[in-house]
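Student: sequence and computational prediction follow.
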Amino acid sequence: MKKPPVTDSAEAGRAYGGRSLDERRRHRRAQFVAAGIEVFGREGYRGATVKALCRQAGLTERYFYESFGNSESLFAEVYKTLVARLQHDVVAAIDRAPQDAESTARAGLRVFFETMYEQPGTARILLIEIFGISGEIDKLYRSTTQNFTRMLAELVSAIFPLEAAGPTDPAIVSTGLVGSTIHIAMYWTLSRYRDPLNVVVESSLALYVAVARQMAAPEKGATADDADDAAS
C-alpha cells in the first residue's frame, strides 16, 4: 500500500538540524525581514525586487512566497519591526538617564536622532518610503504613528509635567512636541544630515524646554518669574 504524501502538517513535528518545520519557517521569515531592512533601506520600496530580497536573504523565491504574499507585506513587517526597535531603544535610554527633566529628554532625543543618523536605511524606511505605497500601508502608518506618538507623548508628560495654561490641552501640546521631533528628523534626513547631530538634538530639546517653562503651573502666590525659575 502506498504511503500518503508528506504534508507540511505531517512534517511539523519533524526536526532537521535540530529545528522543527515551524522553527525553520520563523527563521526564514526573520531572514527576509533582515533582508528587507537592507534592501528597502538602500534601494527604496519601488527599487526593491523580490529577486534582490531573496538574494540578500540567501533564500529562494519559493521561501519568499511561503512567508509573504508580496513585497508590500514584507515592507509592512519591516516597518513594524523598525518602529518596535526604535521605541524599545528610546525607552531604554530614558530609563538609564539621570532623573532631571532635561537630561532625561536629551537621552531619549539623542537615541532617536542617532538612529536616524547611524542607520540611514532605517530613516529612509520610517520617514520617507512609508508614504504613497498603498491604502493599506497608509493605514499601517497612521495606526503605528498614533501608537508611537501616544507612547512618546506619555513619556514627555512624565518628563515635563505640563499644566493647562488658558485654553490649552497638555495632551495636544505633548503630541505636537513629538510631531516636531519627527518632522525635524525627516528634514534632517532629506538634507543628508547637513547639521551636526548635537545641534539637532539640542535644537529639538529647546522646544521641549521652552514649552515646559511656558506651561509650568505657578504655585499659589508665586509670580510668573518664579514659575519660570522653577521650570528651569
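Tutor: Cool, the structure landed.

Student: which residues in the chain form helices?
Tutor: 8-11, 21-43, 50-57, 61-67, 71-96, 101-118, 120-124, 135-159, 170-190, 197-215, 224-231 (DSSP state H).

Student: so what's the residue nearest the centre of the chain scoring on pLDDT?
Tutor: By CA atoms, centre = their mean, the chain has its centre lying nearest to residue 83, at 2.6 Å. At residue 83, the pLDDT value in this model is 95.

Student: I'd guessed it sits against residue 146; true?
Tutor: No: applying CB atoms under 8 Å, one finds residue 83 not in contact with residue 146, separated by 11.5 Å. Backbone N, C-alpha and C define where each C-beta goes, glycine included.

Student: domain-wise, how is the protein divided?
Tutor: 18-69, 71-231 (automatic domain parsing).

Student: lowest average pLDDT across these?
Tutor: domain 71-231 (a mean of 86).

Student: distance from that domain to the middle of the chain?
Tutor: Chain-centre distance of domain 71-231: 10 Å, with CA atoms, centre = their mean, to the nearest Å.

Student: ditto for stretch 67-84
Tutor: 13 Å.

Student: likewise for stretch 66-86?
Tutor: 13 Å.

Student: C-alpha coordinates for it, PDB please?
Tutor: The C-alpha trace of stretch 66-86 is given here as PDB (Å, rounded to 0.1, in the frame of the first residue of the first chain):
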ATOM      1  CA  GLU A  66       5.900  31.000   1.800                       C
ATOM      2  CA  SER A  67       6.400  33.900   4.200                       C
ATOM      3  CA  PHE A  68       5.000  36.900   2.400                       C
ATOM      4  CA  GLY A  69       2.300  37.400  -0.200                       C
ATOM      5  CA  ASN A  70       4.300  40.200  -1.900                       C
ATOM      6  CA  SER A  71       6.800  42.900  -1.300                       C
ATOM      7  CA  GLU A  72       4.300  45.100   0.300                       C
ATOM      8  CA  SER A  73       3.500  42.600   3.000                       C
ATOM      9  CA  LEU A  74       7.200  42.300   3.700                       C
ATOM     10  CA  PHE A  75       7.600  46.100   3.800                       C
ATOM     11  CA  ALA A  76       4.800  46.300   6.400                       C
ATOM     12  CA  GLU A  77       6.600  43.800   8.600                       C
ATOM     13  CA  VAL A  78       9.900  45.600   8.200                       C
ATOM     14  CA  TYR A  79       8.200  48.900   9.100                       C
ATOM     15  CA  LYS A  80       6.600  47.400  12.300                       C
ATOM     16  CA  THR A  81       9.900  45.800  13.300                       C
ATOM     17  CA  LEU A  82      11.900  49.000  13.000                       C
ATOM     18  CA  VAL A  83       9.300  51.100  14.900                       C
ATOM     19  CA  ALA A  84       9.300  48.500  17.700                       C
ATOM     20  CA  ARG A  85      13.100  48.600  17.900                       C
ATOM     21  CA  LEU A  86      13.200  52.400  18.000                       C
END
